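S.K.: With the sequence up front, the predicted model follows.
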Amino acid sequence: MEIRLGLKENWKQFTLLVLVNMLVGGMVGLERTVVPLVGTEEFKIGSDVVVFSFIIAFGVVKAFTNLISGVLADKYTRKRVLVLGWFAGLPVPFLLAWGPTWNWIIAANILLGISQGLAWSMTVNMKIDLVGPKKRGLAMGLNEAAGYGAVGLTALLTGYLASQYGLRPQPFYIGIFYAIAGLVLSILVIKDTRRHAQLESALIATTSSGEQTHKPNLMWVFRETTLKNRNLFAVSQAGLINNLNDGMSWGVFPLLFLSAGVGLEGIGWIKAVYPVVWGVGQIVTGPLADRIGRKPLIVWGMFVQVLGHIVIGFRFFPPLASGLTGSVLLGLGTAMVYPALLAAVSDAAHPSWRASSLGVYRFWRDIGYAAGAVMSGIVANFLGLVWAVHIAGLVTFLSGVLVWIKMKETMQRSIQ
């Protein structure tokens, strides 16, 4: 069968991968509304740092799994790593629903971190492989729209189920369906895409600047992505701060708005709006990144997120209205940033080491979950929950300024 690059040429597999990534995102959405409240209401945990420990475990494990996912994909194929990710995720909804102690919840999040690091990474790499260089922004927009749209809708659904039936186990039943469906689809209908990446690599001529023509090792890629390449450095730190915001909101928002008198269903709406706007917005911002470039969306997306922090932190409206308005702004800003960041990494990294570079970028991005949870827990213990929102807003502003100063537009090379 002839291998061709392009969204139109590979639309069937691309669509199936979008569906799989909806299920991947739904597994994270299981936790967005309910799990912090399970810690405080059911297990009676008084320390914010301890409550947020499940996010720390998830973020650290997912980050390190991202780091090796590209290496595993190159060695064992993308499809095998995707299937392995779903096997790791199978026990998660059962542990969340019936785990007898908080340590079981931590164990569920370790497995969830492994699952997400493998499965979500592969859906990203496989879509980039299929579409080739011209439609990366669109591909990433559709991928992240599916994943984070499912995060938000699942957060809303679990909030509703919790308000009707209690915090456990009913809200987690849908996770059992997600895990089984994702595994079955990945085994039976998803095809590997490594040959598409090899075709693109063969089509790219060696440049006069001495571009890599061989596959470098992971340490070289780690240094290049983290420090040596100024564009990849700017993108990696912006990704970290974006997920710092997400990690902060994941732990802080349910507790903050519950203490302000918002009910479980209202908290579910607040937690749903952020990822739904984030997800659906990328249907627009992904292709927009292919038209106007990566840098403008990254810089201004960070600043829109800062506005969201201001609205929530300073409570310009009643609690529920502040939460919804701020979450819309956070979601809109993140929708602008997310596909542009992924596309910028794909622009800057040669196809021979792109999967590994994406893994390094996603390592730093998902360390943000843990950084946000640690920061929020410490700040909340000493200054209160709302100060975690203020500090997240400040570092987001500084991150946007850093991208503005350091990053050069990467899109030109991707369309040559």
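M.R.: Noted; the coordinates are in hand. Numbers count the residues shown, from 1 in each chain.
S.K.: switch to C-alpha atoms for all contacts and neighbour counts from now on
M.R.: Fine.
S.K.: just for the stretch 301-416 of the chain, where's the confidence low?
M.R.: Residues of the stretch 301-416 of the chain that meet the criterion pLDDT under 70 lie in 412-416.
S.K.: quick one: the helices in it?
M.R.: 319-348, 354-383, 385-406, 411-414 (DSSP state H, counting those that start in this stretch).
S.K.: now the ones you listed as TSV including distance to residue 203 and mean neighbour count?
M.R.: Formatted as TSV, the helices of the stretch 301-416 of the chain follow (distance: least, Cα to Cα, whole Å; neighbours: other Cα atoms under 10 Å):
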stretch	distance to residue 203	mean neighbour count
helix 319-348	15	26
helix 354-383	15	25
helix 385-406	30	19
helix 411-414	13	16
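S.K.: and residue 182, how far is that from residue 23?
M.R.: Residue 182 sits 6 Å away from residue 23, going by Cα to Cα, to the nearest Å.
S.K.: scratch that, residue 278 is what I was asking about
M.R.: Using Cα to Cα, we find residue 278 at a distance of 17 Å from residue 23.
S.K.: neighbour count winner among those two?
M.R.: residue 278 (32 against 26; other Cα atoms under 10 Å).
S.K.: The more buried one against residue 145, yeah?
M.R.: Yes: between residue 278 and residue 145 there is a contact under Cα atoms under 8 Å: 7.1 Å.
S.K.: Please name the residues that touch residue 224.
M.R.: Neighbouring residues of residue 224 by Cα atoms under 8 Å, 6 or more residues apart in numbering: residue 232.
S.K.: tell me the secondary structure for it?
M.R.: The three-state label given to residue 224 by DSSP: H, G, I helix; E, B strand; the rest coil is helix.
S.K.: on that earlier part again, show me the one of the helices of the stretch 301-416 of the chain that comes nearest residue 189.
M.R.: Of all the helices of the stretch 301-416 of the chain, it is helix 354-383 that lies closest to residue 189, at 22.1 Å by Cα to Cα.
S.K.: Does anything pack onto that closest one? Which helices or strands?
M.R.: helix 48-51, helix 53-76, helix 218-223, helix 230-259, helix 319-348, helix 385-406 (3 or more Cα pairs under 8 Å, 6 or more residues apart in numbering; DSSP states H and E).
S.K.: Can I get those in JSON lines including distance to residue 15?
M.R.: Listed next are the helices and strands packed on helix 354-383 as JSON lines, based on distance: least, Cα to Cα, whole Å:
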{"stretch": "helix 48-51", "distance to residue 15": "37"}
{"stretch": "helix 53-76", "distance to residue 15": "21"}
{"stretch": "helix 218-223", "distance to residue 15": "30"}
{"stretch": "helix 230-259", "distance to residue 15": "26"}
{"stretch": "helix 319-348", "distance to residue 15": "17"}
{"stretch": "helix 385-406", "distance to residue 15": "33"}
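S.K.: And those: which comes nearest residue 194?
M.R.: helix 53-76 (7.7 Å).
S.K.: okay, the angle between the closest one and helix 230-259?
M.R.: In terms of direction (axes from the mean of the first three to the mean of the last three Cα atoms, to 10 degrees), helix 53-76 departs from helix 230-259 by 150 degrees.
S.K.: got the contact list for helix 53-76?
M.R.: Outside helix 53-76, the residues that reach it (Cα under 8 Å, 6+ apart) are 78-81, 105-106, 109-110, 112-118, 121-122, 194, 218, 247, 250-251, 355-360, 362-371, 373-374.
S.K.: Looks like residue 334 contacts residue 278 (just checking).
M.R.: Yes: Residue 334 lies in contact with residue 278 (Cα under 8 Å); the separation is 5.7 Å.
S.K.: picking up where we left off before, need the helices of the stretch 301-416 of the chain in CSV with distance to residue 282, can you?
M.R.: CSV is the format used below for the helices of the stretch 301-416 of the chain (distance: least, Cα to Cα, whole Å):
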stretch, distance to residue 282
helix 319-348, 5
helix 354-383, 18
helix 385-406, 19
helix 411-414, 17
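S.K.: So which of these is nearest residue 225?
M.R.: Evaluated over those, closeness to residue 225 peaks at helix 354-383, with 6.2 Å, by Cα to Cα.
S.K.: That closest one vs helix 53-76, what angle?
M.R.: Using the same axes, to 10 degrees: helix 354-383 against helix 53-76 is 170 degrees.
S.K.: Identify the residues contacting residue 327.
M.R.: Contacts of residue 327 by Cα under 8 Å, 6+ apart are 270, 271, 273, 274, 308.
S.K.: Output the lowest mean pLDDT helix or strand found in this protein.
M.R.: Sorted by mean pLDDT, DSSP states H and E, the helices and strands of the chain end with helix 411-414, the least confident at a mean of 58.
S.K.: show me the contacts for the nearest residue to residue 240 once chain neighbours are set aside.
M.R.: With sequence-adjacent residues excluded and distances taken as Cα to Cα, 6 or more residues apart in numbering, residue 240 is closest to residue 365, at 3.9 Å. If you count contacts by Cα under 8 Å, 6+ apart, residue 365 has them with 63, 236, 237, 238, 239, 240, 241, 242, 243.
S.K.: let's see it at 7 Å
M.R.: If you count contacts by Cα atoms under 7 Å, 6 or more residues apart in numbering, residue 365 has them with 236, 239, 240, 243.
S.K.: residues touching residue 240, list them.
M.R.: Contacts for residue 240 (Cα under 7 Å, 6+ apart) come out as 364, 365, 366, 367, 368.
S.K.: Ok, which of the helices and strands packed on helix 354-383 comes nearest residue 10?
M.R.: When the helices and strands packed on helix 354-383 are compared by Cα to Cα, helix 319-348 sits nearest residue 10, at 18.8 Å.
S.K.: The closest one: how far from the chain's middle?
M.R.: 11 Å (Cα atoms, centre = their mean, to the nearest Å).
S.K.: Stretch 79-98 too?
M.R.: A distance of 17 Å separates the centroid of the chain from that of stretch 79-98, by Cα atoms, centre = their mean.
S.K.: So which bits of that stretch are buried?
M.R.: Judged by neighbour count using 16 or more other Cα atoms under 10 Å, the buried positions of stretch 79-98 are 79-93, 95-97.
S.K.: Among these, name the ones in helices.
M.R.: Taking DSSP state H as the definition of helices, the buried residues of stretch 79-98 contribute 79-89, 92-93, 95-97.
S.K.: Out of these, which comes closest to residue 390?
M.R.: When these are compared for distance to residue 390 (Cα to Cα), residue 96 wins out at 30.7 Å.
S.K.: Next one, pLDDT for that closest one please.
M.R.: Residue 96 is assigned 96 on the pLDDT scale.
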